[in-house]
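Chemist: please work out how this folds:
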Amino acid sequence: MAVALYARVSTTRQAEQDLSIPDQLRQMRQWCEKNQHLIAQEYVEPGASATDDRRPFFQKMIADATLFPPPFEAIVIHSLSRFFRDVISFGLYERRLRKHGVKVISITQQTAEDSSGELARRIFSAFDEYQSKENAKHTARAMRENARQGFFNGSGAPFGYRTVATEALGNRGRRKRKLAIDEAEATIVRRIYELYLSGHEGRSMGFKEIAKCLNSRGQLMRGRPWGIQKIHSILSSETYRGEHHYNVIDSHNRKKRPPSEWIPVAINPIVDAETFERVRQRREGRRPSAVPPRRLASPTLLTGLLKCDHCDASMTLVTGKSGRYRYYKCTTRVSKGNAQCASRNLPTDKLDALVLNHLAERVFSADRLLTILNEARRALHERGSIDRHQLAHLQNELRQADTRLDRLYEIVEGGVLPLDETLQRRVQQAKAAREGLLIEIAGLRRRQILPVERIVPSQVQSLSKLMRAKLLDRSSGFAKHYLHAVVDEIRVRETTATIRGSHARLMELAAQKPRADQVPSSVPNWRARTDSNRRPQRS
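Modeler: Numbers count the residues shown, from 1 in each chain. Here you go, the predicted structure:
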């Protein structure tokens, strides 16, 4: 009888370091020789779980077995657990193979080819499934405890880190590992954060531009080119500020578990908490659902801001005389012809200078910033009473959480209840709830000490002078950053340009320490006064 051999281990590490596969093949070959069976094919699965059918060599074997006629009459395995550890899937595949005249034979769990043999195989398979689930449960528990002790579970370290062996011994005498900073990769991570916050050569950079910049310089991601998703992962992962978490993803459905089940693992940070927070705020501000899309990487100052007030279309850059002249032109006229819109071409240099001068002289004047600060103080006082009430409520909840934890500890210390898995889970949930309360309390306390109250008129004068100088300096890239931060759109009709922007963001900007590399996002809820929207000069 022509047969196929199928050997499997669960992980690639077992395939590399274990002798299981060679031993399985040796025993199956001896059994075939003893029973005078011809080996037609051998299928070796070097690292795949038998709890599902997502196994490439297994699927290739099934596809070969269901050919007509099949190239072999039976599949020989060492034990039924090598074929499947799921009783339902085992039965379905066995029935499918039988329809094509192919049997499944275990050399260590041989059964008859009748109803009693079928029942025995089902029992064996059920025990294999139970054992697999028990092993998975105990392994998961051990890995969670390993993470709580600060050790790393997994094969590949996050980019910017490497694994180092410790003195602690783990399973089978192997040394437990921890994450340590890889300085060569950490330099690239810090560069990514710097490019996202400060840009390059006066241009703001998003995920795609950062990836292109790194790839062009040969700064690859462990030999592979950077992509948008990996850049996003670097900029959003709390691992890089020293807050790595284990048990985040459920391996069964690939979905995130609730934060109360996450296990924090303390590691050395690559970027400081302030830098990470600034990046987080910028990412939130640039979300398409939060603000209109902005083409900040374009060298043209007003790209993405100009709107034609005749047809509500955007305005884009066009050139004339082989690039000697540059204009903003309505996209309706560009795509459908000049007769479709009554707007006119606007010289880019003139309109750019007019917008910047009016913003510098009117919006960022000292008087305007003082007015905004007075509004900020009033808003803070109104919010302060609400925050104090909420803070008192959270502190009361924190005291109750501490009391619950103390009671649980007393129960364990007094020997009333053993520290089993259920009680451990209760303790972890109580600790996670307490940590959440502490984070909320810290956030409220930070809001109570905003620097707006400490800004004096002389500081506002300095801020106004600095911002006006920066805005008018076209070589620094600062003007484009701040223009896109506080202006939502500029609508142009004939000789009138109406600037619409964000009062709230301008108020926040006035309260912040001015930095050329920190640009707030736009929030469309401010419209400038009439005196801020002068008519542009005729071109």
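Chemist: which one's the longest helix in the protein?
Modeler: Ranked by number of residues, the top helix in the chain under DSSP state H is helix 366-413.
Chemist: now for that helix, which elements pack on it?
Modeler: Applying 3 or more CB pairs under 8 Å, 6 or more residues apart in numbering; DSSP states H and E, one finds that helix 366-413 contacts helix 421-447, helix 457-472, helix 503-511. Any C-beta I mention is one placed from the backbone N, CA and C, and that applies to glycine too.
Chemist: ok, residue 56 - contacts?
Modeler: Residues in contact with residue 56 (CB atoms under 8 Å, 6 or more residues apart in numbering) are 45, 48.
Chemist: turn the helices and strands packed on helix 366-413 into TSV, including mean pLDDT, mean neighbour count and distance to residue 204.
Modeler: Below are the helices and strands packed on helix 366-413 laid out as TSV (pLDDT from 0 to 100; neighbours: other CB atoms under 10 Å; distance: least, CB to CB, whole Å):
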stretch	mean pLDDT	mean neighbour count	distance to residue 204
helix 421-447	74	14	27
helix 457-472	76	16	15
helix 503-511	53	20	16
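Chemist: now the helices for the stretch 101-250 of the chain?
Modeler: 115-148, 183-198, 207-216, 228-236 (DSSP state H, counting those that start in this stretch).
Chemist: need those in a markdown table (columns: distance to residue 108, mean neighbour count and mean pLDDT).
Modeler: Converted to a markdown table, the helices of the stretch 101-250 of the chain look like this (distance: least, CB to CB, whole Å; neighbours: other CB atoms under 10 Å; pLDDT from 0 to 100):
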| stretch | distance to residue 108 | mean neighbour count | mean pLDDT |
| --- | --- | --- | --- |
| helix 115-148 | 10 | 15 | 78 |
| helix 183-198 | 47 | 18 | 90 |
| helix 207-216 | 52 | 17 | 89 |
| helix 228-236 | 45 | 17 | 91 |
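Chemist: just to revisit the earlier point, got the angle between the longest helix of the chain and helix 421-447?
Modeler: Orientation of helix 366-413 against helix 421-447 (axes from the mean of the first three to the mean of the last three CA atoms, to 10 degrees) gives an angle of 160 degrees.
Chemist: mean pLDDT per helix and strand in this protein: which one sits at the bottom?
Modeler: strand 526-527 (a mean of 42; mean pLDDT, DSSP states H and E).
Chemist: so which of the helices and strands packed on helix 366-413 comes closest to residue 68?
Modeler: helix 421-447 (51.5 Å; CB to CB).
Chemist: which elements pack onto that closest one?
Modeler: Secondary-structure packing of helix 421-447 (3+ CB pairs under 8 Å, 6+ apart): helix 366-413.
Chemist: if we can go back for a sec, residue 229 is nearest to which of the helices and strands packed on helix 366-413?
Modeler: helix 421-447 (27.7 Å).
Chemist: per-residue pLDDT of residue 41, please?
Modeler: Here the pLDDT value assigned to residue 41 is 90.
Chemist: alpha carbons of whatever helix or strand it lives in, as CSV, please.
Modeler: Assessed by DSSP states H and E, residue 41 sits inside strand 38-46. What follows is strand 38-46, C-alpha atoms only, in CSV (Å, rounded to 0.1, in the frame of the first residue of the first chain):
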residue,chain,number,x,y,z
LEU,A,38,5.6,2.0,0.1
ILE,A,39,6.3,5.6,1.1
ALA,A,40,5.0,7.8,-1.7
GLN,A,41,5.5,11.2,0.0
GLU,A,42,6.7,12.8,3.2
TYR,A,43,5.2,16.0,4.6
VAL,A,44,7.0,17.8,7.4
GLU,A,45,5.4,20.7,9.3
PRO,A,46,8.2,22.5,11.1
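Chemist: report the separation between residue 78 and residue 104.
Modeler: 12 Å (CB to CB, to the nearest Å).
Chemist: which residues touch the closest residue to residue 44 other than its chain neighbours?
Modeler: In space, and not counting its chain neighbours, residue 44 is closest to residue 7: 5.1 Å by CB to CB, 6 or more residues apart in numbering. By CB under 8 Å, 6+ apart, the residues touching residue 7 are 21, 24-25, 28, 42-45, 77-78, 82.
Chemist: so residue 7, which state does it fall into?
Modeler: Three-state call for residue 7 (DSSP: H, G, I helix; E, B strand; the rest coil): strand.
Chemist: phi first, then psi, for the closest residue to residue 67 other than its chain neighbours.
Modeler: Leaving out its chain neighbours, the residue that sits closest to residue 67 by CB to CB, 6+ apart is residue 100, at 8.0 Å. The phi/psi pair for residue 100 (degrees, to the nearest 10) reads phi -100, psi 10.
Chemist: please renumber so the chain begins at 30
Modeler: Yes, from this point I'll number from 30; that puts the last item at residue 129.
Chemist: just the pLDDT for residue 129.
Modeler: Residue 129 is given a pLDDT of 89.
Chemist: test my guess that it contacts residue 91.
Modeler: No: using CB atoms under 8 Å as the test, residue 129 is too far from residue 91 to be in contact (9.6 Å).
Chemist: the two: which is more packed in?
Modeler: Neighbour count, other CB atoms under 10 Å: between residue 129 and residue 91, residue 91 has more, with 18 against 14.
Chemist: grab the nearest non-local neighbour of the more buried one.
Modeler: Leaving out its chain neighbours, the residue that sits closest to residue 91 by CB to CB, 6+ apart is residue 122, at 6.9 Å.
Chemist: roughly how far apart are that neighbour and residue 465?
Modeler: From residue 122 to residue 465 the distance is 46 Å (CB to CB).
Chemist: give the contact list for residue 34.
Modeler: Residues near residue 34 by CB under 8 Å, 6+ apart: 54, 57-58, 61, 68, 70-72, 104-106.
Chemist: what distance do you get for it to residue 313?
Modeler: Taken as CB to CB, the span from residue 34 to residue 313 is 56 Å.
Chemist: likewise for residue 460?
Modeler: Taken as CB to CB, the span from residue 460 to residue 313 is 28 Å.
Chemist: got any ranges where the stretch 330-479 of the chain has weak pLDDT?
Modeler: 405, 409, 413, 448, 472-479 (pLDDT under 70).
Chemist: do the same with the stretch 180-329 of the chain
Modeler: 184, 200-202, 231, 314-329.
Chemist: now do the strands in it.
Modeler: Assigned by DSSP state E, counting those that start in this stretch, the stretch 180-329 of the chain shows strands spanning 190-198, 204-210, 272-275, 278-279, 284-285, 292-295.
Chemist: residue 471: which of the ones you listed is closest?
Modeler: Of these, nearest to residue 471 by CB to CB is strand 272-275, at 14.1 Å.
Chemist: what helices or strands is the closest one leaning on?
Modeler: Against strand 272-275 (3+ CB pairs under 8 Å, 6+ apart) you get helix 144-177, strand 292-295.
Chemist: next, the angle strand 190-198 makes with the first one.
Modeler: With the same axes, to 10 degrees applied, the angle from helix 144-177 to strand 190-198 works out at 100 degrees.
Chemist: taking strand 204-210 as reference, get the angle to helix 144-177.
Modeler: Between helix 144-177 and strand 204-210, the angle comes out at 50 degrees (the same axes, to 10 degrees).
Chemist: show me what helix 144-177 is packed up against.
Modeler: So helix 144-177, by 3+ CB pairs under 8 Å, 6+ apart, packs with helix 109-112, helix 116-128, strand 272-275, strand 292-295.
Chemist: mind putting the ones you listed into CSV with distance to residue 152?
Modeler: Shown next, in CSV, are these (distance: least, CB to CB, whole Å):
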stretch, distance to residue 152
helix 109-112, 10
helix 116-128, 9
strand 272-275, 37
strand 292-295, 37
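Chemist: and those, which is most packed in?
Modeler: helix 109-112 (a mean of 22; mean count of other CB atoms under 10 Å).
Chemist: nothing else from me, thank you.
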